[in-house]
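Chemist: Below is the sequence, then the predicted model.
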Amino acid sequence: MKKTLLLPAVALACLSMANAQNRPMSAQASSDTSRRAPGAFGAVKATPKPYASVITDKAITRKGMITTHKVEDKFFFELADSTLGREILVVNRISKAGAEVRSASGYAGDQIGSSVIRFEKGPNNRIFMRKLSYRTYGPDSTTAMYRSLQNSNIQAIAASFNVAAYGPDKKSSVIDMTDYINSDNEIFYFGSSQMKSQLRLGAQQADKSYILNVRSFPKNVEITTVKTYALAAAPSPFGAAAPSPMMGGGATGSSTVELNTSLVILPKVPMKARYFDPRVGFFAVGYTDFDLNPQGVKEVEIVKRWRLEPKPGDLAKYKRGELVEPAKPIVFYIDPATPKKWIPYLIAGVNDWQKAFEKAGFKNAIQAKEAPSAKQDSTWSLDDATHSAIVYKPSEIANASGPSIADPRSGEIIESHINWYHNVMKLVHDWYMIQTAAIDPRARKMEFSDELMGDLIRFVSSHEVGHTLGLRHNYGSSSTVPVEKLRDKAFVEANGHTPSIMDYARFNYVAQPEDKISPKGIYPRIGDYDKWAIEWGYKLLPDAKTPDAEVPVLNKLTIEKLQNKRLWFGTETNPDDPRSQNEDLGDNAMKASEYGIKNLKVILAKLPEWTKTNNEGYDNLENMYGQLTTQFGRYMGHVAKNVGGIYETPKTVEQAGAVYERTPAATQKEAMTFLERNLFSTPSWLLDKQILDNTGTDPLEVINKLQAPVLSRLLSVNTLSKLISAEATDGAAAYKISDLFADLQSSVFSELKGNQNIDVYRRNLQKAYVEKLVLILKPAPVTATAAAFTGGRRATPVSTKLSASQNDVLSVVKAQLRELNATLKSAIPQASGLSKYHLQDLSDRIENALDPKG
């Protein structure tokens, strides 16, 4: 399946595959520079010297992909003719960083740039280094279109080098790389000026920068440099340009970092690509093809995946359905800096994927190992881009991430460095305590046992490894599980609470204490969807010789598999589908959230006791109370997304049913009833006086932070416009914009019906409601934006959508404000005290908004 693409941030800046049908790359990537080079190159002709006078007996030589020579303080590349014209992947990382850079999120192991280059012979004894772009693909080389495309896509020459000498056999060229390696360039170092700006790095200070070493290996070259940059002032919170202790500007001066550049030769014959399918969640790379569509161009996407192939001689066994070992398994090394007690759990998180690969026909396809020590292998380096690793970072960032680098021609993943930040343990602690302490006694403390923390590390490890295998988040997976099944001990312990570890489903917060569910039914695990995704992405189809030939085979398989709803993929990029949400559980957000709230009430009552640490203050209590209210807020958000919701189920034309459906009116009504009962009726149970008094938390702020985001979503122009469109599509069966306002005003202004006193929480809610409507009356300019990557389709540009003034939204909002104002005026005479002042104020605000000149 080929779909439209805008490239995701995780992909390389220049992306492609060798060919949709394993044809040679187009000549835009192999132009004859001897004919195309400008005449200026001929003005000064380089004069190569005898080889022995350049590579003297003082040279320290390392043979490999590119033979490297160090002669005193100079570094030379000796490029074999067989290497010229080959695509070389360049990956740049920070090896060591100072505190100034770390504070700006620049940590050892972080990738700072990548590109693809090619060395080639130029005129007058020169070697050119081109930076390659594969954004377009050329058709048949015999056509005029091919030549036109060639002329429109000449590859940029990033650097030019004089040939210092030719090899003794005249089959290699020696170039002096010293000045280029010492320079501050975007090929070998920071991939963009924006990246440097984020790390507050300015111009390179040449007198404080140097080359540490250059090492050559069979498939790669590793360059390590020490670079010192001018350090810019940290941005002031008040916008001051100059640093100031009073203004928070931060220190200036210089910052020194150690950088590693890996040059990795890409396969001469690219792996056979596999086209992206929006029904299975893989990361993708892509290009514009001028050959596939005879009457136009085709935007092509190919998935990112590792090259797994049977060992020589095992293909027949593989075809018979026997499990075989891959010729080259996926191996992750554990950073030696990792605390020893966590290494077994990280390894287990990697090895857990072995069962998934068995679905694709491979055994022992993925494994984790401890990195060799310097004594075991002095050439091994964590920075080497031919090694994949889990890199342990001493960082206060509470996170982990699993990026990967792929061959832009085919989608083949070359390597991955998983970023494992030390403080991720705080993150999983807080999640687990707030989501499970009602059902798991082990979660009722501020420091977990090593066993429990190890289990949580294992789950995060598995999730991040999934990303490195090419898998995206599957936010929709948890929505395939009926809520009541999450309380079924036998079911959830056998199947897990979500079919995908790539979901953001965290832990089973629906399970109740009386359900007696063990950790097997609480933790996430690699599930049915994950196994299916690996099967779809990695199962070889030997009889399909081209990517195009695979399409009907995979489509038939996908249609069959998706009869099992547990294999559904719900993208993380859809803002409208309530089935695809992070941090949620079950097929009904209202029911799941009711159970979640019951557990939060249990936890809140015990929170002062469970967060107590002798000889310390109430920081733990303050943090965990914030985590608890945030969890409650997540439940409210899960419910609110149902209002104006649009289900999206990608399908091919062979599948029955609609791709887009509106959330049923009954479900939207259920959501509004839930919000009235649990949010708009002040959730005063959250306002525990002991906690508030010991943490100094403002109760008004707590409630406002929960109510305001939900009001903003419900009363956004986007939501209101979707309700109008739903009525146009579904007629009387739709949940209409008038239904929303009737439900909201009845809930938010319920006191007006019986002339009741309005307390401060409700006054704030009512002010917020009016404020949201008044803001809609102030039209904002509508600007065109680039379409965002949404995993297989282009999002509709903003400029094509109707603004509030172009559809019925503005008319309805004005009518609602007029009706509300009339109700307020009727209620004011019977009100007293703050309630009266409040109603008068609301009336004034509405009148000023409707008639600003009045």
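Modeler: It's in. Here the structure is a predicted model, which means the values were calculated and not measured.

Chemist: Which positions in the helix or strand containing residue 819 come out as buried?
Modeler: Using DSSP states H and E, residue 819 sits within helix 809-827. Residues 809-810, 812-814, 816-817, 820-821, 823-824, 827 are the ones in helix 809-827 that count as buried (16 or more other CB atoms under 10 Å). Just so you know, the C-beta spots here come from the backbone N, C-alpha and C atoms, and that holds for glycine as well.

Chemist: And stretch 320-329, by the same measure?
Modeler: Those would be 324, 326, 329, for stretch 320-329 by 16+ other CB under 10 Å.

Chemist: can the residues you listed go into JSON lines with extra columns for pLDDT and secondary structure?
Modeler: Output for the buried residues of stretch 320-329, formatted as JSON lines (pLDDT from 0 to 100; DSSP: H, G, I helix; E, B strand; the rest coil):
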{"residue": "324", "pLDDT": "97", "secondary structure": "strand"}
{"residue": "326", "pLDDT": "97", "secondary structure": "strand"}
{"residue": "329", "pLDDT": "97", "secondary structure": "coil"}
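
Chemist: Strands of the stretch 551-700 of the chain, start to end?
Modeler: Under the criterion DSSP state E, counting those that start in this stretch, strands of the stretch 551-700 of the chain are mapped to 646-648, 660-662.

Chemist: neighbouring strands for the first one, and are they parallel or not?
Modeler: Strand 646-648 has its sheet partners listed here by DSSP bridges as strand 660-662 (antiparallel).

Chemist: Now for residue 262: which residues touch it?
Modeler: 89-93, 220-223, 383-386 (CB atoms under 8 Å, 6 or more residues apart in numbering).

Chemist: PyMOL command for the buried members of those residues?
Modeler: Filtering the contacts of residue 262 down to the buried ones (16+ other CB under 10 Å) takes a single PyMOL command:
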select buried, resi 89+90+91+92+93+220+221+222+223+383+384+385+386
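
Chemist: any idea which of the contacts of residue 262 is least confident?
Modeler: Scanning the contacts of residue 262 for pLDDT, the low point is residue 383. It has 74.

Chemist: Residue 97 versus that one, what's the distance?
Modeler: 13 Å (CB to CB, to the nearest Å).

Chemist: hang on, the earlier thing: run through the neighbouring helices and strands of the helix holding residue 819.
Modeler: helix 717-730, helix 737-748, helix 760-776, helix 833-850 (3 or more CB pairs under 8 Å, 6 or more residues apart in numbering; DSSP states H and E).

Chemist: and residue 593, what is it in contact with?
Modeler: 635-636, 638-639, 674, 678.

Chemist: In a markdown table: those residues, plus pLDDT and neighbour count.
Modeler: Formatted as a markdown table, these follow (pLDDT from 0 to 100; neighbours: other CB atoms under 10 Å):
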| residue | pLDDT | neighbour count |
| --- | --- | --- |
| 635 | 98 | 25 |
| 636 | 98 | 23 |
| 638 | 98 | 24 |
| 639 | 98 | 26 |
| 674 | 98 | 21 |
| 678 | 98 | 19 |
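
Chemist: Reformat those as TSV; add distance to residue 358.
Modeler: Listed next are the contacts of residue 593 as TSV, based on distance: CB to CB, whole Å:
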residue	distance to residue 358
635	37
636	41
638	35
639	39
674	42
678	44
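
Chemist: Show me which of those residues is closest to residue 74.
Modeler: Checking the contacts of residue 593 against residue 74 with CB to CB, the nearest one is residue 638 at 62.1 Å.

Chemist: can you pull out the strands in the stretch 251-400 of the chain?
Modeler: Counting by DSSP E, counting those that start in this stretch, the strands of the stretch 251-400 of the chain are 253-265, 284-289, 298-303, 330-334, 366-370, 388-393, 400-401.

Chemist: Mind putting those strands into JSON lines with mean pLDDT and distance to residue 532?
Modeler: Shown next, in JSON lines, are the strands of the stretch 251-400 of the chain (pLDDT from 0 to 100; distance: least, CB to CB, whole Å):
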{"stretch": "strand 253-265", "mean pLDDT": "91", "distance to residue 532": "31"}
{"stretch": "strand 284-289", "mean pLDDT": "80", "distance to residue 532": "18"}
{"stretch": "strand 298-303", "mean pLDDT": "87", "distance to residue 532": "14"}
{"stretch": "strand 330-334", "mean pLDDT": "96", "distance to residue 532": "19"}
{"stretch": "strand 366-370", "mean pLDDT": "95", "distance to residue 532": "17"}
{"stretch": "strand 388-393", "mean pLDDT": "88", "distance to residue 532": "24"}
{"stretch": "strand 400-401", "mean pLDDT": "81", "distance to residue 532": "24"}
